[in-house]
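Enquirer: This is a predicted model, with the sequence first.
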Amino acid sequence: PIDIRAYMRAQDKVPTQEGPTGPASTVSISQPGASVGTTLTPAGPAVNLFGDAAPSSIPEQSATPPTEPLSPKEPLAKQEMMALGTDQPVAPIVPFSGRVVEAFTGAATSVPKALVQVLGTNLHTTTDDNGAFSFPDIKVSGVLPVIISKDGFLKRRVDLRPRGKADVELVSENSATLSALAAGDSRGAESGYLFGQLVSVSGEALDGYTVEISGPSLMKSVYGDANGAPSRTLTTTSVRGQFMVVNVPVGTYHVTIYDALGKERAPHIIQVGLHEGLVRKFSLGQQKYLRGRLLNATSTNAAIDGATVQMLGSQKTAVTDAQGRFILGPVYVDCATLNYLQVDKGGFYRNRIDYACTSDDASRDYYNFSAAYIDGTAVDAGTSLSAGAGIVVGHVGYKNSVKMQLWGPEEMNPDSTGRGKDFYMDADGVLNSTRNRTSSNGNFTVLDAPDGLSYMQAFSGDNQTLSFWPIYTSSSTVNVYVQ
C-alpha cells in the first residue's frame, strides 16, 4: 500500500506533459499536412476588435479597419482548402515509441508487460522490463493514438508523436483509491481520475489559481497543499500547483484556469475514458492576439461580417467587420495543444476551425460553410441531419482514393463501422451517395458526428492506415477538416 501523503509529497518531479512543445508536425506516408476544426458555447458580449490594450510587442493598431478591397475569388477550390492545413511535414526523428512508468512513485518505476494497442487496429505490443515500447514499422501522418493497460492500473490513452520517446505515467488502482479517501470521497470502480499541475510556459509550478472542469458533469477540483497532500479546505493551488479530480464520468471536458483576479488563462480540452487515469501538466499559455478574416466557402469566398468569434473554452469574443476581419485578444493560448476558433453567425451553423500558433500572429483566412450548404449536402446524401449531431466538411490531398472514418477515443475493434456517416463528392464536386471513397476531387463530409473527441482516420485502397488526427465535434457544429 502507498501512503497518500508519501506519494503526493513525492511529486518533486512534475507529471509528464502530453503533447509536443510546439505545433504538431507530421510524418507522411502520402500527401502530408493536416488541420482539424471545431466550436462551443453561446457567445458572450462582444469586445473591441483590437482587444483590451495591445502590449508593447504588438504594433499599434488603428481603430479603423484596413480598407483595401477584397479581390474577387472563385468558390473554394481544393487547392485553397489545402492551404488551410497548419502542420508541416518533418522527417521522422525516431519511431513512435515511449516508456511506461508508475505515477506517484517518485523514482519513475517502470511498468513492464503493459499492453500498448493502436486505436482501431489489431496492432499492439507490450512494454519490456524497463517499461519501454516501440512501433518501428508504423509511419502515419499526425498522431498515433494508443491505449495502454495493465492489471492493477487505470488505463491511459496517449497520442504518440514522431519527435521523441514519450514517458507515460500509469496510475495504480491503489493510488487512485487512496487519493479519493484523502479527498474525503470513495472511488467508483469504472470512473476516471485526473491528477494535474498548473505550470508556466517555462515549466514552474504556480500557486493561487483556481481550476474549473466542465463537460458532461461539473467536476470539483481538490488542491494539493505545500506538502503535496490533498486538502479539503484549499480553494486554490498551493506552491506545487497540483490538483486532482476523482470519479470523473466518461466524456470530453473543458479545463478553465483563473488567476487571483478572475482572469482566464489558456483553455484546455481533455478526454476522460472509462476507468482511465490522466496525469499531466496544464500550461497557463502565452498571451496572443488572434487575427483573421472570415470568408463564405460556398459563396465566391464573400466576406462574412457581424460574426462572433471566440476561442473554444474562452469567454472573450470579437465581431467581424464589413470585410470579414477580426482581431481577438488578448487571449492566453497553450501552443503545445490543439486549439479551436468558434464562429457564430445567423444563417450558418456554428463553425469550428483549427487554430495553430505562429511566431508573428499573422492574419489568416478562415472558411465557413453556410447552413444552406450543409442542409443541401444532407439532402444530396439522401438523409437528414440528426438533432444534436455534428458535421465534418473536409478535403484530403492524397494522390489515390481514400476512405475517411471517425473513430471513438476508446474504439479498439478494427471491424467496427466507426462514428457518423461518411459521404464523398465526385470529381465535379457533387455528392454521390454511392461512393465509399474519395474521388480526384478529394472532398468528403461526415454527418451525425457525436459530441466529444474522436479521431479522423484515413485508409488507403488496401485498408492501410495513412493518418490519424484528433477532432472535437459538437452538436449543430460544422468542423472544417483539411489534410
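Expert: Yes, it's here.

Enquirer: all helices for this protein, in order.
Expert: 4-9, 78-82, 173-182, 371-380 (DSSP state H).

Enquirer: Show the pLDDT at residue 122.
Expert: For residue 122, the pLDDT comes out at 85.

Enquirer: for stretch 378-394, which positions count as buried?
Expert: Within stretch 378-394, the residues scored as buried using 16 or more other C-beta atoms under 10 Å are 378, 381, 385, 389-394. Quick note: C-beta positions are derived from backbone N, CA and C, even for glycine.

Enquirer: same question, stretch 155-171
Expert: For stretch 155-171, burial by neighbour count (16+ other C-beta under 10 Å) applies to 155-163, 165-166, 168-171.

Enquirer: average model confidence for that stretch?
Expert: On average, stretch 155-171 scores 87.

Enquirer: so how far is it from its chain's centroid?
Expert: 15 Å (C-alpha atoms, centre = their mean, to the nearest Å).

Enquirer: How about stretch 138-146?
Expert: The answer for stretch 138-146 is 15 Å, by C-alpha atoms, centre = their mean.

Enquirer: among the buried residues of stretch 155-171, which two are most distant?
Expert: Spanning the widest gap among the buried residues of stretch 155-171 are 162 and 171, at 26.2 Å by C-beta to C-beta.

Enquirer: Can I get stretch 383-403 in CSV, CA atoms only?
Expert: C-alpha atoms of stretch 383-403 as CSV (Å, rounded to 0.1, in the frame of the first residue of the first chain):
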residue,chain,number,x,y,z
THR,A,383,-30.6,11.7,-45.3
SER,A,384,-31.4,14.4,-42.8
LEU,A,385,-29.3,15.9,-40.0
SER,A,386,-29.9,14.3,-36.7
ALA,A,387,-30.8,16.6,-33.8
GLY,A,388,-27.7,17.1,-31.5
ALA,A,389,-25.2,15.7,-34.1
GLY,A,390,-22.2,17.4,-35.6
ILE,A,391,-20.9,17.7,-39.1
VAL,A,392,-17.5,17.4,-40.7
VAL,A,393,-16.8,19.1,-44.0
GLY,A,394,-13.3,18.1,-45.3
HIS,A,395,-10.8,17.7,-48.1
VAL,A,396,-7.8,15.3,-48.4
GLY,A,397,-5.0,15.7,-50.8
TYR,A,398,-3.9,12.1,-51.2
LYS,A,399,-3.0,11.1,-54.8
ASN,A,400,-5.1,7.9,-54.5
SER,A,401,-8.7,7.3,-53.4
VAL,A,402,-9.0,7.0,-49.6
LYS,A,403,-11.8,6.3,-47.0
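
Enquirer: avg pLDDT for that stretch?
Expert: 87.

Enquirer: likewise stretch 322-338?
Expert: On average, stretch 322-338 scores 93.

Enquirer: do the same with stretch 132-150
Expert: Rounded mean pLDDT across stretch 132-150 is 90.

Enquirer: got it, and stretch 181-197?
Expert: Taken as a whole, stretch 181-197 has a mean pLDDT of 87.

Enquirer: if we can go back for a sec, closest to residue 183 out of the buried residues of stretch 155-171?
Expert: So of these, ranked by how close each gets to residue 183 (C-beta to C-beta), first place is residue 171, at 14.2 Å.

Enquirer: Spatially nearest residue to that closest one, not counting backbone neighbours?
Expert: Spatial nearest neighbour of residue 171, chain neighbours left out: residue 277 (3.2 Å); criterion: C-beta to C-beta, 6 or more residues apart in numbering.

Enquirer: Am I right that the one you found is in contact with residue 170?
Expert: Yes: with contact defined as C-beta atoms under 8 Å, residue 277 reaches residue 170; the gap is 6.8 Å.

Enquirer: which ones are touching residue 460?
Expert: 30, 398, 400, 402, 466 (C-beta atoms under 8 Å, 6 or more residues apart in numbering).

Enquirer: 6 Å instead?
Expert: By C-beta atoms under 6 Å, 6 or more residues apart in numbering, residue 460 lies in contact with residue 466.

Enquirer: do you know how far it is from residue 438?
Expert: Counting by C-beta to C-beta, to the nearest Å, the separation of residue 460 from residue 438 is 11 Å.

Enquirer: now residue 203
Expert: 42 Å.

Enquirer: And the two? Which one has more around it.
Expert: residue 438 (24 against 11; other C-beta atoms under 10 Å).

Enquirer: if I look at the more buried one, how far off is residue 403?
Expert: Taken as C-beta to C-beta, the span from residue 438 to residue 403 is 8 Å.
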